[in-house]
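Q: Quick one, structure for this:
(chains A and B)
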Amino acid sequence: MLKPLGDSALLVQLGDKIDPAINQRVHALNALLQMNGIAGIVETVPAYCTLLIHYDPLKLTFNQVTHWVRDKLTQVDDSLNRKPRQLEVPTRYGGASGPDLETVAVSKGISAADVVRIHSEREYIIYMMGFTPGFPYLGTLDERLITPRLETPRTLVKAGTVAIAGSQTGIYPLDSPGGWHLIGWTPLKLFDPASESPFLFAPGDIIKFIPVEDDHA
Amino acid sequence: MLEVIDVSGLVTFQDSGRHGFASYGVPTSGPMDWFAYQAANSLVGNSVKAAVIEIGLGEAVFRAKRNCVLAVTGTGYEVLNYVWTFPLWTSFFVRAGWYVQLKKKSGGNWAYLAAAGGFEVDPILGSRSTYLRGGLGNAIRAGDVLHTGKPSRELLKLAAQNFPVEKYMAYSQAPVIEVIAGPQKERFTEAGYQTFLNSEYTLSTSFDRMGYRLEGNSISHSAGADLISEGMTMGSVQVPANGQPIVMMADAPTTGGYPKIANVAKSSLPLLAQCEAGVSKIRFKEMTVEEARNKYRKLCLECGLQSAL
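A: Numbers count the residues shown, from 1 in each chain, chains lettered A, B, ... in the order given. Okay, here's the model as predicted:
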């Protein structure tokens, strides 16, 4: 469960599948470790079912970090009650910035309006962030929308684009290449390096998409 | 203050790295060769986190606009200052108006140019390291004027210092890279793991600050090549379905979805970073996490290098 990743990181594995309950434990452990920090911990990276802890090997040994984490693991269930942040994402579905909405609808044998309704009616957890600065991996998508990635990724996807792939949905924070199906766009700025709080979201947050008409977005 | 006359290759500012935002998907960046980076700052009396210029796979010519003291470290370059050729791993005085040229030769990829006082760059997310893919900072271009801070001592006391690199870091194009077994070691067959440890790999020409693709005997998986994405570090050795290892480097994504067979020890990362595409013969050797830490600590202690974290 606790393994070294080289000589300056420790990987904590809390499960081996994409599962909201396992992921919540990851975020709970992360929060607990943040609140009870020790000198020499550089940063942590929560993912679906793991937490990676980067440490400074000039200040800490692998065994010291292991002891610290083991101790906190015994308390993690109590901190699971922490209420996650809930955030709304106004989204303009379809049109020029959601060019795959119709294709997804056709491939699933439902209407575009159904895709919008199904996509926006449930809450998603930010399982983890990665790929590019500020990109949230959100899940889990309703089974009726599960679609494989594009065979050929697009070379440019506009910042703010809402997309789906597999059992996940996400939002592109920067203009970047992308292999997901683009179904909408939000005017929210997910990543602004010059801002006091550069990231709109954090891992563990709960996201809900709110369909809006053109002129509101 | 330096004026950039000409550059080719990948020339960027780097400092000790961008820490604290990996959970938001921001790579650490920082130098490809941490040892050469730290030595360069140490030679000119800078703090351990000062920004330097990383010159990768190219050449650069600068002109001093004021008297300054510079140091160049790394491998695979030579330095021409005015009319003299200077060895790397030394600090030297540069008079206003003189040209300093870094010329590429064989034997490495990355050089570090430090100036006494450090380069003044506006930090982004707390760091002066350039991360081009994420739009954090820009590559250094001809015509740029690079400002430096106040040196820690009189210039003449900082010049003509020498860092005895050969005592500490055995840069080589046939290096033995020490690794710690990875968290997914059991996702490979025993034969596959032995293939990794007992064969020779070369660096593919498709390599950059993000990762080093290696080519050699294929490593066999025992449980498929798909992994639920999880955090990784510089030095993580991922093996995708084709069995050819990829070592994640300074600009590596914070997370990855291939099984990690091993992780390069910090003390070996500089050796790997300086391996040349198609030339180097790379071998791996396993060590424990304790052995790796002791070796890294000893290296830092002997060289008087502080923690840059």
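Q: show me what contacts whichever residue of the stretch 201-309 of chain B sits closest to chain A?
A: When scored by Cβ to the nearest Cβ, the stretch 201-309 of chain B has B:Gly231 as its residue closest to chain A, at 2.8 Å. From N, CA and C alone the C-beta is placed, and that goes for glycine too. Listed by Cβ atoms under 8 Å, 6 or more residues apart in numbering or on different chains, the contact set of B:Gly231 reads A:Leu5, A:Ala9, A:Leu11, A:Val45, A:Pro46, A:Ala47, A:Thr50, A:Leu51, A:Leu52, B:Ala22, B:Thr254, B:Thr255.
Q: shouldn't the first one be in contact with B:Met232?
A: Yes - under the criterion of Cβ atoms under 8 Å, A:Leu5 lies in contact with B:Met232, with a separation of 6.9 Å.
Q: Mutual contacts of those two, please.
A: Shared contacts of A:Leu5 and B:Met232, counting by Cβ under 8 Å, 6+ apart, come down to A:Leu52, B:Lys260.
Q: more neighbours, those two?
A: For the pair A:Leu5 and B:Met232, the greater number of neighbours falls to B:Met232 (30 against 26), based on other Cβ atoms under 10 Å in any protein chain shown.
Q: got the contacts of B:Gly231 as TSV, with secondary structure and pLDDT columns?
A: Shown next, in TSV, are those (DSSP: H, G, I helix; E, B strand; the rest coil; pLDDT from 0 to 100):
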residue	secondary structure	pLDDT
A:Leu5	coil	98
A:Ala9	strand	98
A:Leu11	strand	98
A:Val45	strand	98
A:Pro46	strand	97
A:Ala47	coil	97
A:Thr50	strand	98
A:Leu51	strand	98
A:Leu52	strand	98
B:Ala22	helix	97
B:Thr254	coil	96
B:Thr255	strand	94
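Q: Redo these as TSV? Include distance to A:Ala31.
A: Formatted as TSV, the contacts of B:Gly231 follow (distance: Cβ to Cβ, whole Å):
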residue	distance to A:Ala31
A:Leu5	21
A:Ala9	19
A:Leu11	18
A:Val45	14
A:Pro46	9
A:Ala47	15
A:Thr50	15
A:Leu51	11
A:Leu52	15
B:Ala22	16
B:Thr254	19
B:Thr255	19
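Q: which of those sit farthest apart?
A: With Cβ to Cβ as the measure, no two of the contacts of B:Gly231 lie farther apart than A:Leu5 and A:Pro46, at 14.4 Å.
Q: For A:Arg70, which non-adjacent residue is closest in space?
A: A:Leu2 (7.1 Å; Cβ to Cβ, 6 or more residues apart in numbering or on different chains).
Q: before we move on, what about B:Val4?
A: B:Asp144 (4.4 Å).
Q: So for the one you found, what's the pLDDT?
A: At B:Asp144, the model reports a pLDDT of 98.
Q: CA atoms of stretch A:3-19 as CSV?
A: Provided in CSV are the C-alpha atoms of stretch A:3-19 (Å, rounded to 0.1, in the frame of the first residue of the first chain):
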residue,chain,number,x,y,z
LYS,A,3,5.7,2.2,-1.9
PRO,A,4,8.7,4.3,-2.8
LEU,A,5,8.6,6.1,-6.1
GLY,A,6,12.3,6.8,-6.4
ASP,A,7,14.2,8.4,-3.5
SER,A,8,12.0,11.4,-3.1
ALA,A,9,8.4,10.3,-3.3
LEU,A,10,6.1,7.9,-1.6
LEU,A,11,3.1,6.4,-3.3
VAL,A,12,0.0,5.6,-1.1
GLN,A,13,-2.3,3.2,-2.9
LEU,A,14,-5.9,3.1,-1.4
GLY,A,15,-7.5,0.9,-4.1
ASP,A,16,-7.2,-0.2,-7.7
LYS,A,17,-10.3,1.1,-9.5
ILE,A,18,-12.0,4.3,-10.4
ASP,A,19,-14.5,4.6,-7.6
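Q: Buried ones in it, by neighbour count?
A: By 16 or more other Cβ atoms under 10 Å in any protein chain shown, the buried positions in stretch A:3-19 come out as A:3-15, A:18-19.
Q: now do stretch B:147-161
A: By neighbour count with 16+ other Cβ under 10 Å, stretch B:147-161 contains the buried residues B:Thr148, B:Pro151, B:Leu155, B:Leu158, B:Ala159, B:Gln161.
Q: Output the below-cut-off pLDDT ranges for chain A.
A: A:81, A:214-217 (pLDDT under 70).
Q: and the most far-flung residue of it relative to its centre, what does it touch?
A: Relative to the centre of chain A, the most outlying C-alpha is that of A:Leu58, 31.7 Å out, by Cα atoms, centre = their mean. By Cβ under 8 Å, 6+ apart, the contact set of A:Leu58 is A:Gly40, B:Tyr296, B:Arg297, B:Cys300, B:Gln306, B:Ser307, B:Leu309.
Q: A:Pro46 contacts A:Arg25, doesn't it?
A: No - using Cβ under 8 Å as the test, A:Pro46 is too far from A:Arg25 to be in contact (10.1 Å).
Q: Settle it for me: which of those two has more neighbours?
A: Taking other Cβ under 10 Å, A:Pro46 and A:Arg25 do not tie; A:Pro46 has more neighbours (28 against 21).
Q: Please name the residues that touch the more buried one.
A: So A:Pro46 contacts A:Val26, A:His27, A:Asn30, A:Met128, A:Pro203, A:Gly204, B:Ser23, B:Gly231 (Cβ under 8 Å, 6+ apart).
Q: Which residues does whatever helix or strand the second one lives in contact?
A: Meaning A:His27. In the assignment (DSSP states H and E), A:His27 maps to helix A:20-35. Residues from elsewhere that reach helix A:20-35, judged by Cβ under 8 Å, 6+ apart: A:12, A:14-15, A:41, A:44, A:46-51, A:53, A:68-69, A:72-73, A:75-77, A:79-80, A:82, A:84, A:125, A:127-128, A:139-140, A:203-204, B:23.
Q: Tell me what the residue nearest to B:Val179 when sequence neighbours are not counted is bridged to.
A: Counting by Cβ to Cβ, 6+ apart, B:Ala262 is the residue found nearest to B:Val179 once chain neighbours are left out, at 3.9 Å. Beta-bridge partners for B:Ala262, by DSSP bridges, are B:Ala181, B:Val237.
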